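>>> 3D model of this:
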Amino acid sequence: MCADFISVADGMSRINMKIRSDEESEINGMGPGIADGDIEKLCQKLDALTDGDVLVLAGSIPSVMPETMYSDIMERLSDKKIKIAVDATRDLLMNVLPFHPFVIKPNNHELGEIFGVQLNKREEVIPYAKKLQEKGARNVIVSMAGEGAVLVAEDGTQYMSEAPSGKVVNSVGAGDSMVAGFIAGYLQYGSFEKAFQMGVCTGSASAFSEELATKAEVEQLLSATFG
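Numbers count the residues shown, from 1 in each chain. Predicted coordinates for the structure are as follows:
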């Protein structure tokens, strides 16, 4: 794998600090200035994607970029058969739903904020995940930290899992790992159940590791959790 970054003239990549103690905290730096020309360069790279490719849109966007950035990208690519995963919050997430993302992954708190409710139990999130499907999402994974996770799949099936057993030592990147695991599992098996299991265990394995989880750690947790 190789990186293919776009260099911008104003500013530098931001530095984020994650502080681990009895509780986790974070200090996030400001991002660089991004001009319209930089956005166009990004779009030109995205134009090279072809049918069957996978695109992940994750995280917040710099304040200098349009709030519709993710939905603009999806609209631009709407004539291609690309599986797009979106891991974002509030308007960034809601704006992409009309373009039918392959999978979205809010956590239970983010899902609750969208609908103005508190969601603490796995069973409680299912009706609201279905509402996101009604708005256009194909598959909805809801991560719930120690409570586990839920998947409402586009074929109508629903999956719930308790959190795998283990000690959380570093939650940074766990949500991203869940998305990566779900996509990897689906591409490998073509099964929503297998994809969900892979997503749950990849996210948890990263949370149980000082670094991002290795393939061996994910497979070990898969075997221990789902057999």
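>>> Check what pLDDT the residue nearest in space to the middle of the chain gets.
In the chain, the residue lying closest to the centroid (Cα atoms, centre = their mean) is residue 87, at 3.3 Å. Per-residue pLDDT puts residue 87 at 93.
>>> For the chain, which segments count as strands?
16-20, 24-28, 54-58, 83-87, 103-104, 139-143, 149-152, 158-161 (DSSP state E).
>>> Any buried residues in stretch 25-43, and which?
31-32, 34, 38-39 (16 or more other Cβ atoms under 10 Å). Every residue, glycine included, has its C-beta placed from N, CA and C.
>>> and the closest residue to residue 115 other than its chain neighbours, what does it touch?
Nearest residue to residue 115, sequence neighbours excluded (Cβ to Cβ, 6 or more residues apart in numbering): residue 128, at 5.4 Å. Going by Cβ atoms under 8 Å, 6 or more residues apart in numbering, residue 128 touches 111-112, 114-115, 117, 119.
>>> quick one: the helices in the chain?
36-46, 69-76, 90-94, 108-115, 122-134, 174-189, 192-207, 215-226 (DSSP state H).
>>> Relative to residue 83, which of those is closest?
Checking these against residue 83 by Cβ to Cβ gives helix 174-189 as the closest, at 7.3 Å.
>>> Show the backbone phi and psi for residue 118.
Phi and psi for residue 118, reported as degrees, to the nearest 10, are phi -100, psi 130.
>>> confidence score at the residue lying closest to it once chain neighbours are set aside?
Spatial nearest neighbour of residue 118, chain neighbours left out: residue 112 (5.4 Å); criterion: Cβ to Cβ, 6+ apart. Residue 112 carries a pLDDT value of 94.
>>> same deal with residue 36?
We have a pLDDT of 88 for residue 36.
>>> what bits of this structure have low per-residue confidence?
By pLDDT under 70, the weakly predicted segments of the chain are 1, 20-22, 24.
>>> one more time with 90
1-36, 38, 59-67, 88-92, 145-147, 163, 167-175, 209-213, 227 (pLDDT under 90).
>>> show me the contacts for residue 188.
194, 198.
>>> rerun that using 10 Å as the cut-off
By Cβ atoms under 10 Å, 6 or more residues apart in numbering, the residues touching residue 188 are 194-195, 198.
>>> For it, give its distance to residue 70.
Using Cβ to Cβ, to the nearest Å, residue 188 is found at 26 Å from residue 70.
>>> Just the CA atoms from stretch 152-163 would do, formatted as CSV, please.
C-alpha atoms of stretch 152-163 as CSV (Å, rounded to 0.1, in the frame of the first residue of the first chain):
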residue,chain,number,x,y,z
VAL,A,152,-29.4,-3.8,10.5
ALA,A,153,-28.6,-5.1,7.0
GLU,A,154,-30.2,-4.3,3.7
ASP,A,155,-31.6,-7.8,3.2
GLY,A,156,-33.8,-7.3,6.4
THR,A,157,-31.7,-9.3,8.7
GLN,A,158,-30.6,-8.0,12.1
TYR,A,159,-27.6,-8.9,14.1
MET,A,160,-26.7,-8.1,17.7
SER,A,161,-23.5,-8.9,19.6
GLU,A,162,-22.2,-8.4,23.1
ALA,A,163,-18.8,-6.8,23.3
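>>> before we move on, back to that, surely the residue nearest to the centre of the chain touches residue 102?
No - at 12.0 Å, residue 87 does not count as touching residue 102 under the criterion of Cβ atoms under 10 Å.
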